[in-house]
Structure formats: C-alpha cells, structure tokens
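[1] Any chance you could fold what I've pasted below:
(one chain, ligands or ions: 2)
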Amino acid sequence: MSNLSRRDILKGAGVLLAGSALPVSVVELAFADKSQNFTFAYISDSHIQHIKGNQFVRNWDRGLIRAVAETNLMDPKPDFIFYGGDIAQLGKKSEIDHGLDILSALRQKVHYVMGEHDYYLDLGDYWKSQLGPDYYSFDHKGVHFVVLNSIITHDEWTYNRWANGTERMGVMAGLDDPNGSPFMVGDKQRAWLKADLDKVDKNTPLVVFSHSPLQKIFKNWNFWTDDAEQIQALLQPFKKVNVFYGHVHQIQYNQIGNISFQSAMATAWPWPYPRSYSQAPSYMPKLTVPINRADPFFERDATGWQYIDIHSGNAAMTFSLADNSTRTVAFNPKTGQPEDTKYQNNTIPPQEHY
Ligand SMILES: [Fe+2]
Ligand SMILES: [Fe+2]
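    Ligands and ions are numbered 1, 2, ... in the order given. I've put the predicted structure just below:
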C-alpha cells in the first residue's frame, strides 16, 4: 500500500487517455498525485480448444496470442494483468497448459479468475495445481482487489447428476443446456468475503472480479449467479465499487446501488445480445440501465478489447470493436450510472460495416 490517503484517491482528478486499439482491457486508476496512477490489463475468455496431438483451434489461439503481444507493447506498462477465466474450452490439461504457455510470454504478474470451462472436468484441480487459490484478495496502491470463484454449484449437482467429469464438462460447456447447473459463490466464499471486507475501510475503492456476473441477467444461459444479492449486500457499504466479469462474451454494463458492473469482451467469440434472448419466456430483466448493443448478426462483433479508465473510483470503458465504431461506456455522475456516451438513448446504433 502506498502512503497516499484514501481521500486523495477519491478526489483523484480524471485523466485523459489516448485511445489506442488493444486486444486487452487496460485499466488506469488515477490519483490526485499522478505519480501514483497505475494501469492493469485484463484478458478474458480464450477457450483454448484441443483437437488432437499438437493441434488446437487456430482462431482461439490467435485471439489470445494477439492479446498477449499487445499487452507486452503497452506503454506505460501495466502493474499487473488479470485473466478473467475460461482459458480452456473443455477443462483439459492440454488446453490449460497450452493457454498458460501462450500467457507465459506476459511480462507482469497475472491474477487468474476461474471460469466454468476451466472447472467442471476435474472441479478445478488442475487449474489450482498450476495457478493457486481460486478466491483471494490483495491491496495495490490504496485499492482493494477481490477475486471470487462464482461458477461453483451445489454438491447435488457436482457429484450426483452426472456420470463423470467428462459428461459434467460437456453439459456445462453448452450455452443453454437445460441440464446445466446454476452458478453460485457459495457459503464458504461468502463467509470469507465478509471477513475480508470487514478489515477494509469503507472509503477504500473496491474492485471485484468474478467470471459469471454477480447480478442476475439471464438464468437459462447462466448469465447469472444464484447468490448475487447476498454478495451485493456485502459490497454495498463501500463508496466506490466496480465489479468486472467475463463469461458473457459481450458488452454489458449496469448499476445496482453503489456497484458498477462491467463485462470484459472475449478473445474467442461473441455470444448473442439481450435483444435476441429477450424473446425467451423466462427472460427476467434485472438491468437498471438499458444496454445499447453493437451488431448482433456479425460473428466477430463484440469480441475485441477495451480500455478501462477508473478515475475517481468510477470506470469508463472504451471498446474497440472489430468492425464498428469505438464505443465508450462511462459513469455519468448526474444519473449515477454507467451510460453509453454516444448511443445510450438510441435503440439501434449505427453499424459501419455494411
Ligand atoms: Fe467464456
Ligand atoms: Fe464462462
């Protein structure tokens, strides 16, 4: 921890950052004393997929390779890097090893988040043997960072519903398999989180990482965490809370009380958008901020990268999209929520690739 006062952090003047196209999320935290500013990078959802022998699905490899290369070109260099989960597609050692081999070219420490694709084959044993605990916290320059494993499920599902790990992983790898289990953080981690946060001053900026959203968006596709409200209740006492997540492979943002939610895009592929799944009868809209999306019919859209600028404790996300205009979702202090700076009130954003 630096000796910078927390008040200085919260007063921190906004910074203007040159927009550059990076296939990673770059996060800058700005302080009143600019020498304390720092950035971190964020890469997510690479889904490295083994075919046979030394063959892996090339597209997914290329997304991660490019993200790593661009991260190594960042200037200023990030203090550290977050990986948002789903290194592997089917949780195989070969996939995790291959993904970690690509990621080993990164020059800074990487903090990892567990994804369901890393977990359901062997309940995360191999991932943990290589990367350590799946939930933890640390402090960096006056900011408290927390990582949770949000994709575990009830023992009944884990141990009784499927014949073996391969079957369990196969079901969980599907987007909308009705035999898939719900996600949760669970009692044990919530007790740990409560004890961890009890020690932190409530004025400290809090940045939380999970794989699935710690909010309820669409249950059928597990864009959902069952105990989201209980976790939100633990985060609400803090003045400035930003939650970042992967898993949804698309741009999402929302505000619940003091908590700003932002998703990271995938380096692999995009999933469809809320408008397309709002037809489903079980759609349960919990978003407090309407999301305006890029093109749902363009297969590479909403994969890409974003630049995250956290100034004064609120995140602004600038998305560089494959074939669309750059989009920025920034916290609007007047409304107290993140909003698309250009298109928040448009129902159909302009598409540039036609
Ligand atoms: Fe994913
Ligand atoms: Fe996922």
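[2] Give the full set of residues in contact with the residue of the chain at minimum distance from ligand 2.
    Ligand 2 sits closest to residue 247 of the chain, with a gap of 3.7 Å, by C-beta to the ion. From N, CA and C alone the C-beta is placed, and that goes for glycine too. Counting by C-beta atoms under 8 Å, 6 or more residues apart in numbering, residue 247 touches 45, 84-86, 115-116, 151, 211-213, 222-223, 263.
[3] repeat for residue 271
    175, 221, 248-250, 302.
[4] could you pull out the helices for the stretch 101-250 of the chain?
    116-119, 125-131, 155, 165-172, 186-198, 228-235 (DSSP state H, counting those that start in this stretch).
[5] Packing partners of the first one?
    In terms of contacts (3 or more C-beta pairs under 8 Å, 6 or more residues apart in numbering; DSSP states H and E), helix 116-119 is packed against helix 165-172.
[6] Help me confirm that residue 139 comes into contact with residue 145.
    Yes: in this structure, residue 139 is within contact of residue 145 by C-beta atoms under 8 Å, at 7.2 Å.
[7] Counting neighbours, go ahead and name the busier of those two.
    Applying other C-beta atoms under 10 Å to residue 139 and residue 145 shows that residue 145 carries more neighbours, namely 18 against 12.
[8] Run through the residues that contact the residue in the stretch 51-200 of the chain positioned nearest to ligand 1.
    For the stretch 51-200 of the chain and ligand 1, the shortest gap (C-beta to the ion) falls at residue 86, measuring 3.5 Å. By C-beta under 8 Å, 6+ apart, residue 86 lies in contact with 44-47, 115-118, 211, 246-247, 266, 268.
[9] try residue 197
    Going by C-beta under 8 Å, 6+ apart, the list of residues near residue 197 reads 146, 206, 234-235, 237-238.
[10] Narrow these to just the buried residues.
    146, 206, 234-235, 238 (16 or more other C-beta atoms under 10 Å).
[11] Can you pull up the most central residue in this protein?
    Central residue of the chain (C-alpha atoms, centre = their mean): residue 245, 2.2 Å from the mean position.
[12] CA atoms only for the longest helix that the chain contains, dumped as CSV, please.
    Ranked by residue count, the top helix of the chain under DSSP state H comes out as helix 58-72. Provided in CSV are the C-alpha atoms of helix 58-72 (Å, rounded to 0.1, in the frame of the first residue of the first chain):
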residue,chain,number,x,y,z
ARG,A,58,-6.5,-21.8,-34.5
ASN,A,59,-8.9,-18.9,-34.1
TRP,A,60,-9.0,-19.1,-30.3
ASP,A,61,-5.2,-19.4,-30.2
ARG,A,62,-4.8,-16.3,-32.4
GLY,A,63,-7.1,-14.2,-30.2
LEU,A,64,-5.0,-15.0,-27.1
ILE,A,65,-1.6,-14.7,-28.9
ARG,A,66,-2.6,-11.3,-30.1
ALA,A,67,-3.8,-10.1,-26.7
VAL,A,68,-0.5,-11.2,-25.1
ALA,A,69,1.5,-9.5,-27.8
GLU,A,70,-0.4,-6.2,-27.5
THR,A,71,-0.2,-6.3,-23.7
ASN,A,72,3.6,-6.6,-24.0
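[13] Now do the same for the residue of the stretch 251-354 of the chain found nearest ligand 1: its pLDDT.
    Ranked by C-beta to the ion, the top residue of the stretch 251-354 of the chain for proximity to ligand 1 is residue 266, at 5.8 Å. Per-residue pLDDT puts residue 266 at 89.
[14] just residue 176 next, same as before
    At residue 176, the pLDDT value in this model is 68.
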